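Asks: Sharing a sequence plus its predicted fold:
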Amino acid sequence: MEQKIPLDRIRNIGIIAHIDAGKTTTTERMLYYTGKTYKIGDVDEGTATMDWMVQEQERGITITAAATTCIWKDVHINIIDTPGHVDFTVEVERSLKVLDGAVVVFCAVGGVQPQSETVWRQADRYKVPRIAFVNKMDRTGANFFAVVEQIRGRLGAHCAAVQIPSGKEMEFKGSIDLIEKKLVVFKDDLGLDFEYKELDSEILPEVEKYRNILIEKLAEVDDKVMEDYLQGKEISVKAIKEAIRRTVVANKFIPIFCGTSLKNKGIQLLLDGVCDYLPSPVETGSIKGIDPQTSEFEEITVSCEAPLCALCFKIATDPYVGKIYYIRVYSGVLTTGEYIYNATRRERERVAKLVKMHANHQEIVGSVSAGEIAACVGLKDTKTGDTLCNEKKQILIEAMRFPEPVIQQAIEPKTKDAQEKLGLALHKLEEEDPSFRVVYNQETGQTLIAGMGQLHLEIIIDRILREFNVEASVGLPQVAYRETITQKTSVVGKYIQQSGGRGQYGHVVLEMEPQEVPGTGVTFEDKIKSGAIPREFIPSVKQGIMGASKSGSLAGYPVTDVLVRLIDGSYHDVDSSEMAFQMAASIAFSDGLKKAKPILLEPIMDIEVTVPEEYMGQVIGDLSARRAKIVSLGQQVNLRIIRANVPLSEVFNYATAVRSLTQGRATYTMEPLIYAEVPSHITEKIKAGFSSVGVRKSF
């Protein structure tokens, strides 16, 4: 059995940020300085270790979260490099679920960008402690202090700089350590050789100013610093570092570092920050879950001696070994060849092989212990989000939430021979990516694929063609509309058939009303009293409702945000069956949709366009013509930032339109925001299209 790494010497961190802030470049430098790689990988040249997929190398973006391990000053750092593009936000979501800390990278020019806010909210939701790194300090227009203010203002973060830059833009030489009051100067282009120098007297007042801000911000969240600060005591370097660690681990404070990953400055100091301030697995507290047999609340201590508890957070397909299951081990030890229990599926599984991942390279190990991130091969029924544990001491960790797709396309094989290969490829991709959905529409005979955006589906289709060698044709992208109701109603559903011998009898009374919280979906509540319907038929009623909710009454789109209560009904001793109650519930739900004033919902996107001043009028005019609601106008050096909410149906191929309007000088980012009601004149057009085709467009 491998030597167990002490829990306090482990850091599980993620690198998260807006697209193009420099996450992968930062990770590559971390691997180089820790000796994990011997040559610095370059994103632009397609040689980055962490961007190993062909599609990532060609496009210069991260698509899939890649895991690796490195060692810095005797601390084992498990790193997950995540994508920045909103289409792949599920990769960030599932990574944050299993991480103990995060490094949030900000561009010194762009500051807090839309996807910065998204990943920050995700980290808030999972209560992940984090440190911030302001990257690209050498770029023209870089402004460290403006970014710090944006982190405070736009993200509501309690933060302060622990370093300030020495030199601006092209003159950026290194950083000033506010805690030690020393200048850090990098001597060579590779950033390997650097030294701490004493500060010149003219810079000291500014250093004292920002050091005092750091201490004040710490005093606001740490009683020990507050006490010393109020008494006017000199707070030592050791006391400041201890206070930063305490407050970061408690998720009350974010220290901010600066540097330039591309020019190899500041990464070693960031690595020190990861080791000094981010929590080890033992500091994150016990594992909370429920006992699947008793539904009682359970806690398992983070320890190698405790029973096994692990979470499968990602599945990837390897061309040589088949499926690889990425796991985070929270407690206990997992050994190759042993049987484990999948508490989510209630199935026993056998671990054929355990590996430590370095991007797409595997290092075989005999066992993995509490606090580690690894991957196993040989599991059969495990899915993303499943809990793996000891059968004698079962625990179920809260499952992950995945976003609903907003865009769909039809796909079909070009030849009959490719039909089976396409089905297999889609099944594998669906298992890998929980935000990707595949549904076969019985009425049209179409296979529909759905995802988080055009780029998401482009990558999926590219992988189908190249990785799985399937010749396929795809239709134009379509909006994934939804239907819901606007008022409360009560409805009766009966399914009665007599055909000689045993008949069918099902009778239900449902109450339907809109959900209070948008995005809740369709929920079912059983309010039956005094046995009007026997308990064994209740699941069938729910099944009938959920089945009927896949196709609405307006234009056949899936129904969402409806609360359904089963309040009454009746049964027949002989003729009642599960099928009869399923049919009765389906009839009642469909009738209720028509009675409760149904409306069509469409996905609204949050779009941010960065455009030169002279083109602002044209861009705003074009957005208004696309039914956009302008939310805010901002300024960044000589650029204007337009933020708006716009329906997805209006911004297909927006990239082409905005390029032609601005001679290619504008950039934009877009992410799903909410589902909102479709205007009546557009609803009529969609309904007319539905009735002329006569089929539902659900997926």
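Replies: Now that the structure is in, tell me what you want to look at.
Asks: Can you pull up the most central residue in this structure?
Replies: Residue closest to the average C-alpha location in the chain (CA atoms, centre = their mean): residue 93, at 2.4 Å.
Asks: contacts for whatever helix or strand it lives in?
Replies: According to DSSP states H and E, residue 93 maps onto helix 89-98. The contact list for helix 89-98 (CB atoms under 8 Å, 6 or more residues apart in numbering) reads 12, 14, 16, 63-65, 80, 82-83, 102, 115, 118-119, 122-123, 125-126, 128, 311, 313-314, 328, 373, 384-385, 400-403, 433-435, 452, 671. In this view, the C-beta of every residue, glycine as well, is placed from N, C-alpha and C.
Asks: Buried ones in that helix, by neighbour count?
Replies: Neighbour counts over helix 89-98 (16 or more other CB atoms under 10 Å) mark 89, 90, 91, 92, 93, 94, 95, 96, 97, 98 as buried.
Asks: for residue 509, what are its contacts?
Replies: Residue 509 touches 490, 491, 492, 493, 566, 567, 568, 569, 588, counting by CB under 8 Å, 6+ apart.
Asks: mind listing the strands for the stretch 101-250 of the chain?
Replies: Assigned by DSSP state E, counting those that start in this stretch, the stretch 101-250 of the chain shows strands spanning 101-107, 130-135, 159-161, 163-166, 174-177, 182-186, 194-197.
Asks: still on that earlier bit, could I have the buried ones of the contacts of residue 509 as PyMOL selection syntax?
Replies: The buried residues among these can be selected in PyMOL (16+ other CB under 10 Å) with this line:
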select buried, resi 490+491+493+566+567+568+569+588
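Asks: Please identify which of the contacts of residue 509 is nearest to residue 70.
Replies: residue 566 (55.4 Å; CB to CB).
Asks: and the closest one, helix, strand or coil?
Replies: In three-state terms, and counting by DSSP: H, G, I helix; E, B strand; the rest coil, residue 566 is strand.
Asks: Make sure it is actually in contact with residue 533.
Replies: Yes. Taking CB atoms under 8 Å as the definition, residue 566 is a contact partner of residue 533 at 7.4 Å.
Asks: any residues in contact with both of the two?
Replies: Common contact partners of residue 566 and residue 533 (CB under 8 Å, 6+ apart): 508, 541.
Asks: hang on, the earlier thing: among the strands of the stretch 101-250 of the chain, which is nearest residue 553?
Replies: Of all the strands of the stretch 101-250 of the chain, strand 101-107 sits nearest to residue 553, with 44.5 Å by CB to CB.
Asks: tell me which strands and helices that closest one is in contact with?
Replies: Packing contacts for strand 101-107, counted by 3 or more CB pairs under 8 Å, 6 or more residues apart in numbering; DSSP states H and E, involve strand 10-17, helix 23-33, helix 114-125, strand 130-135, helix 267-277.
Asks: Distance check, the nearest residue to residue 386 once chain neighbours are set aside against residue 542.
Replies: The spatial neighbour of residue 386 that comes closest, neighbours along the chain excluded (CB to CB, 6 or more residues apart in numbering), is residue 344 at 4.1 Å. Distance, residue 344 to residue 542, using CB to CB, to the nearest Å: 20 Å.
Asks: So what does the residue nearest to residue 386 have for phi and psi?
Replies: According to degrees, to the nearest 10, the main-chain angles of residue 344 amount to phi -70, psi -40.
Asks: Now find how far off-centre stretch 160-174 is within its chain.
Replies: 31 Å (CA atoms, centre = their mean, to the nearest Å).
Asks: same question, stretch 177-196
Replies: 35 Å.
Asks: For it, list every residue counted as buried.
Replies: Buried, per 16+ other CB under 10 Å, within stretch 177-196: 177, 178, 179, 180, 182, 183, 184, 186, 191, 194.
Asks: is the first one in a bridge, and if so with what?
Replies: It stands for residue 177. Assessed by DSSP bridges, residue 177 has beta-bridge partners residue 163, residue 182.
Asks: Contact partners for it?
Replies: Residue 177 sits next to 162, 163, 183, 184, 196, 269 when contact means CB under 8 Å, 6+ apart.
Asks: how far away is it from residue 440?
Replies: Distance from residue 177 to residue 440, by CB to CB: 60 Å.
Asks: can you check the third one too?
Replies: Here the distance between residue 179 and residue 440 works out to 60 Å (CB to CB).
Asks: Looks to me like residue 36 is in a helix.
Replies: No. Residue 36 is assigned coil when assessed by three-state DSSP, not a helix.
Asks: In this structure it contacts residue 358, no?
Replies: Yes. Residue 36 sits in contact with residue 358 when judged by CB under 8 Å, with a separation of 7.3 Å.
Asks: any shared contact partners between these two?
Replies: Common neighbours of residue 36 and residue 358 (criterion: CB under 8 Å, 6+ apart): 68, 69.
Asks: which stretches of this structure have low pLDDT?
Replies: 1-3, 37-65, 84-87, 360, 441-445, 499-501, 637, 689-699 (pLDDT under 70).
Asks: that older thread, so which of the buried residues of helix 89-98 is the closest to residue 679?
Replies: Looking across the buried residues of helix 89-98 and measuring by CB to CB, the closest to residue 679 is residue 89, at 28.0 Å.
Asks: Distance from stretch 336-354 to the middle of the chain?
Replies: On CA atoms, centre = their mean, the centre of stretch 336-354 falls 26 Å from the chain's centre.
Asks: and it, which residues are buried?
Replies: For stretch 336-354, by 16+ other CB under 10 Å, it's 336, 340, 341, 342, 343, 344, 349, 351, 353, 354.
Asks: quick one: contacts for the third one?
Replies: So the one you mean is residue 341. 347, 348, 349, 388, 389, 390, 391, 394.
Asks: Please tell me how far the first one sits from residue 140.
Replies: Spelled out, it's residue 347. 57 Å.
Asks: Make a markdown table from the buried residues of helix 89-98 and add distance to residue 237 to it.
Replies: Shown next, in a markdown table, are those (distance: CB to CB, whole Å):
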| residue | distance to residue 237 |
| --- | --- |
| 89 | 39 |
| 90 | 42 |
| 91 | 38 |
| 92 | 35 |
| 93 | 38 |
| 94 | 38 |
| 95 | 33 |
| 96 | 32 |
| 97 | 35 |
| 98 | 33 |
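Asks: Appreciated, that's everything.
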